[in-house]
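K.L.:
Predicted structure and sequence below. I'll ask about it afterward.
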Amino acid sequence: MTFNRPYRHKHLLGTEGMTADEIHSVLNAAESFFDVSRRSVRKVPTLRGKTVVNLFYEPSTRTRTSFELAGKRLSADVINISTSSSSAVKGESLLDTVRNLEAMQPDVIVLRHHASGAPHYVAERSRSHVVNAGDGTHEHPTQALLDAFTIRRAKGRLDGLTVAICGDVLHSRVARSNAHLLTTAGATVRFAAPHTLMPVEAEKLGVHVFHRIEPALEGADVVMMLRVQRERLAGSYLPTTREYSRTFGLNEARLALAKSDAIVMHPGPMNRGVEIDPAVADGARSVIMDQVEAGVAVRMAVLWMLAAPAEPAP
Ligand code: NCD
């Protein structure tokens, strides 16, 4: 299989500004990498001799593991650095850390940071390709791409679909990246959140804003639930988690408002019993584990697009 590679940028910092062609070209490449992870030998030589550094200043299970597996399945050398074991705990600045890593000649730096804009700051000062693996409350482009991959596989398309993104939208980089990507790809996006958890001027992202979950779910093709981000809830945004789950949690009764073939998504980690009922999370319409599997293929596609010399995908 050959690909045209219209994603001709040095970095992947966000889905804001990506064109529909770029989005679909990443998803098409991910389709070709998807099967690699299901073979008995889960490795291709595409990035042999390349080095990927995963630099994570925030906790992560899925994102860090899937970037690591993506790099390894492409035969790259992969180094993982997390804050608790790096010199960041001794007070070294982000830029000093990156400069020192760059002295060791990596090809790609995958960065997760609690400050919005950190990957952009590094990208402007770096020789390497930079991939944003989540910056503060700003963007998480590979999550949106793996979500789009999962939706496209389940529904056969993105355009014309109605996607309800529900929960703690205010703190969610996943919601922002999905809003940019899905509206560009021709989907209708609805945000549903209590007033205190809805960003001001959310409409400017091109989404429809709801302050109750029920009308947002009506007729939706895709229901994407978001985690209540307790670590970013500095003020009193919520009364109690019990009240939140009673008014905003996704249960079977609420899901019945969506289309009968609607799929249920969650980027993880889930607060079971808070934003999502376990029966729904584990139910027949849940594609949450498909999202996790898609994460490896999409990150293989992204690493390949940025770092591979003009080589074909497998
Ligand atoms: C998300 C994140 O870190 O932004 N998780 C993920 O990457 N799968 C969402 C979250 O933390 O709630």
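P.N.:
Good, I have the coordinates.
K.L.:
What ranges does the stretch 151-300 of the chain have for its helices?
P.N.:
173-184, 213-217, 241-248, 252-255, 278-281, 288-307 (DSSP state H, counting those that start in this stretch).
K.L.:
State the mean pLDDT of the fifth one.
P.N.:
For helix 278-281, the mean pLDDT works out to 98.
K.L.:
Use 13 as the first number from now on
P.N.:
New numbering, starting at 13: the last item is helix 290-293.
K.L.:
Contacts for that helix next, please.
P.N.:
Residues from elsewhere that reach helix 290-293 (CB atoms under 8 Å, 6 or more residues apart in numbering): 262-264, 267, 276, 278, 282, 284, 298, 300. (Glycine included, C-beta is placed from N, CA and C.)
K.L.:
Could you dump the residues you listed into CSV and include pLDDT, distance to S184 and neighbour count?
P.N.:
Supplementary listing: the contacts of helix 290-293 in CSV, determined by pLDDT from 0 to 100; distance: CB to CB, whole Å; neighbours: other CB atoms under 10 Å:
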residue, pLDDT, distance to S184, neighbour count
L262, 98, 15, 24
N263, 98, 21, 14
E264, 98, 24, 11
L267, 98, 20, 20
V276, 98, 17, 21
H278, 98, 12, 24
M282, 96, 14, 16
R284, 95, 18, 16
S298, 98, 19, 18
I300, 98, 16, 20
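K.L.:
Select, out of the helices of the stretch 163-312 of the chain, the one closest to the ligand.
P.N.:
Among the helices of the stretch 163-312 of the chain, the nearest to the ligand by CB to the nearest ligand atom is helix 185-196 (5.0 Å).
K.L.:
tally of neighbours for the closest residue to the ligand within the stretch 213-326 of the chain?
P.N.:
Nearest residue of the stretch 213-326 of the chain to the ligand: R239, at 3.5 Å (CB to the nearest ligand atom). By the criterion of other CB atoms under 10 Å, R239 has 19 neighbours.
K.L.:
got a list of what it touches?
P.N.:
179-180, 184, 278-283, 287 are the contacts of R239 under CB under 8 Å, 6+ apart.
K.L.:
helix or strand for the closest residue to R137 other than its chain neighbours, which one?
P.N.:
Of all residues not flanking R137 in the chain, L107 sits nearest, at 6.5 Å (CB to CB, 6 or more residues apart in numbering). Using DSSP states H and E, L107 sits within helix 106-114.
K.L.:
Off-centre distance for whichever helix or strand comes after that helix?
P.N.:
Per DSSP H and E, helix 106-114 leads on to strand 120-125 as the next helix or strand towards the C-terminus. Computed by CA atoms, centre = their mean, to the nearest Å, the chain-centroid distance of strand 120-125 equals 13 Å.
K.L.:
what about strand 120-125, near the ligand?
P.N.:
No - for strand 120-125, no contact with the ligand is found by CB under 6 Å from any ligand atom; the gap never falls below 7.5 Å.
K.L.:
likewise stretch 183-198?
P.N.:
Yes - under the criterion of CB under 6 Å from any ligand atom, the ligand is reached by stretch 183-198 at 185-186.
K.L.:
buried set for that stretch?
P.N.:
Judged by neighbour count (16 or more other CB atoms under 10 Å), stretch 183-198 contains these buried residues: 183-197.
K.L.:
No more questions from me, cheers.
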